[in-house]
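[1] Sequence first, predicted model second:
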Amino acid sequence: MKFAAISITMLSFTRSAAFQTSKAFLRTNVRTVSSTAVRFAEEGQAEVILVGCGAPNRGMGWYHAVQMLEKKCPSASLDFVVEPWFMGDGADSPAGQDFKEFKTEAESKYGTKFAKSLQELPPPAAPRLALISGRTADNPKLLSEAIAHGCKCVYLEKPGAPTVKELEAMSAEAKQAGVEVLMGYNKNVAKYVRKAREFAATVPGSHVTFVTNNAYENTPESLGECFERNSEGMLKNMAIHELALLASFYDVSVDNIAEVIVDKDFSSMQTLKGPSGKSFTDFDKVKFTIKTKNGNEVSVQTDRCGGTDSYAVVTDKSGKEVFRYYMPDDEDKKHVEQLQAKYPTAMPYFFTQDPDYITVKERVAKHTVDGKPAEGIATIEIAVEALKIAEYLVPIFQKELA
Ligand SMILES: NC(=O)c1ccc[n+]([C@@H]2O[C@H](COP(=O)([O-])OP(=O)(O)OC[C@H]3O[C@@H](n4cnc5c(N)ncnc54)[C@H](O)[C@@H]3O)[C@@H](O)[C@H]2O)c1
């Protein structure tokens, strides 16, 4: 496995007084990685626990780990990795073997401490941030554990939980514990979203459409596999990023929706058999416009078989396209190529969204340390709203497309 070398950070002795005791504990009890220097949160850095690393080249958590170990996020020190599956029942699988190789390398090169569960970790030695990137169904439990183990802040991968009910309970639990939960909705900080919003603001009466595509083959087998693996459905699994944009920037909430217009010519719902032989009904593409009670209008277009692009289109009052911006743009394409060459077997979306993953992590880590606002980062309240919108839209689309 390719893994770029970084200079090693030695134990820092400049930490604030509040952490001196636990630091001594850590030095003597935890950092037992012999003969290698250890990576350790320094003054101004959050002590990050990555919860749910996943398989190298496939798991979202793994890519977050790579970015932190390569020091792309100056305020984040990846000190601990918690991996329940690949250090447990999944250890002997081929992906488990890949994980083991990554673990050995990260331990020896960076001194990162690995554990099967949060229970095994020492108390915080610096402002503690958990980056939770487990399977969506596991994330509610992992959040409770992160709260119980001294996290000051949590970076929760989208959508956060399978249902509104669960995410609302998580939000309430975190609030009661005084723990802040910020979301990995990276499109909230994406360049193409910002450019489109800025351009639209200069054109009176303009309209923005956010387009997102996947590159599944348009066959019953390929889509059936996709429907089964992402059985929470297209809206919660794929278009949820766009729903978070709508909630963040266009005041879209279930209470504020005035009208939903489904483009029936574009949209399609199918019932297909997954690999297990069970049938799943989902949308393979959908396009819709939402009008809000306070006068906003915005559209979303998603297609499981549309390619690899995300982009935004601005149309003027007459419906003529006046602006389009892609992710990645020409400037970022070079960076994507470099990353592809470095990690040839990794998921392609890691690379197109690479700068945005860095931005979100850095802002959340910095916020964990200094408490200043994490600009543009979606809160768990926005995530609840995005999930509510998804649950509200699904029956409307089902009725329209039946
Ligand atoms: N922001 C984004 O662009 C983006 C992209 C992809 C995924 N995500 C989110 O990140 C989170 C993790 O997604 P992922 O694709 O890395 O998930 P994943 O299933 O690959 O890995 C997540 C965890 O699941 C466990 N796991 C893996 N295989 C398992 C098995 N066979 N049985 C039981 N447990 C197993 C492991 O502990 C692993 O750490 C999700 O919340 C997802 O929605 C976000």
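    Received the coordinates, thanks. Because the structure is predicted, anything quoted here is derived from the model rather than measured.
[2] so S299 sits in a helix?
    No. Counting by DSSP: H, G, I helix; E, B strand; the rest coil, one finds S299 to be strand, located in no helix.
[3] let's number from 54 now, not from 1
    Renumbered: residue one is now 54, and that last one reads S352.
[4] Does it touch F263 like I think?
    Yes. Between S352 and F263 there is a contact under Cβ atoms under 8 Å: 7.3 Å. The C-beta positions use only the backbone N, C-alpha and C, and glycine is treated the same way.
[5] which residue sits closest to the residue in the stretch 254-403 of the chain positioned nearest to the ligand, ignoring its sequence neighbours?
    The ligand sits closest to Y402 of the stretch 254-403 of the chain, with a gap of 6.2 Å, by Cβ to the nearest ligand atom. Nearest non-adjacent residue to Y402, counting by Cβ to Cβ, 6 or more residues apart in numbering: T361, 7.7 Å away.
[6] between S352 and F263, who's got more neighbours?
    Set side by side, S352 and F263 show more neighbours around F263, with 23 against 19, by other Cβ atoms under 10 Å.
[7] Which secondary structure state does that one sit in?
    Applying three-state DSSP to F263 yields a three-state assignment of strand.
[8] Tell me the predicted confidence for the residue lying closest to it once chain neighbours are set aside.
    Once flanking residues are discounted, F263 sits nearest to E295: 4.8 Å by Cβ to Cβ, 6+ apart. E295 carries a pLDDT value of 98.
[9] what does F93 give?
    89.
[10] Check the one 3 residues further on too.
    E96 carries a pLDDT value of 96.
[11] any idea how far Y116 is from the closest residue to the ligand within the stretch 354-455 of the chain?
    With Cβ to the nearest ligand atom as the measure, Q406 is the residue of the stretch 354-455 of the chain nearest to the ligand, at 5.7 Å. Separation of Q406 from Y116 (Cβ to Cβ, to the nearest Å): 9 Å.
[12] can you tell me which residues contact the residue of the stretch 204-353 of the chain found nearest the ligand?
    Among the residues of the stretch 204-353 of the chain, E210 lies nearest to the ligand; the distance is 3.5 Å by Cβ to the nearest ligand atom. With contact set as Cβ atoms under 8 Å, 6 or more residues apart in numbering, E210 has these partners: 105, 113-114, 184-187, 189, 192, 236-237.
[13] T216 now?
    Counting by Cβ under 8 Å, 6+ apart, T216 makes contact with 440, 444.
[14] Can you check the pLDDT for it?
    Looking at T216, its pLDDT reads 96.
[15] for the one 10 residues further on, same thing?
    Per-residue confidence at E226 stands at 98 (pLDDT).
[16] For it, grab the count of nearby residues.
    Neighbourhood size, E226 [other Cβ under 10 Å]: 15.
[17] can you check the one 10 residues further on too?
    A count of neighbours around M236, defined by other Cβ under 10 Å, yields 26.
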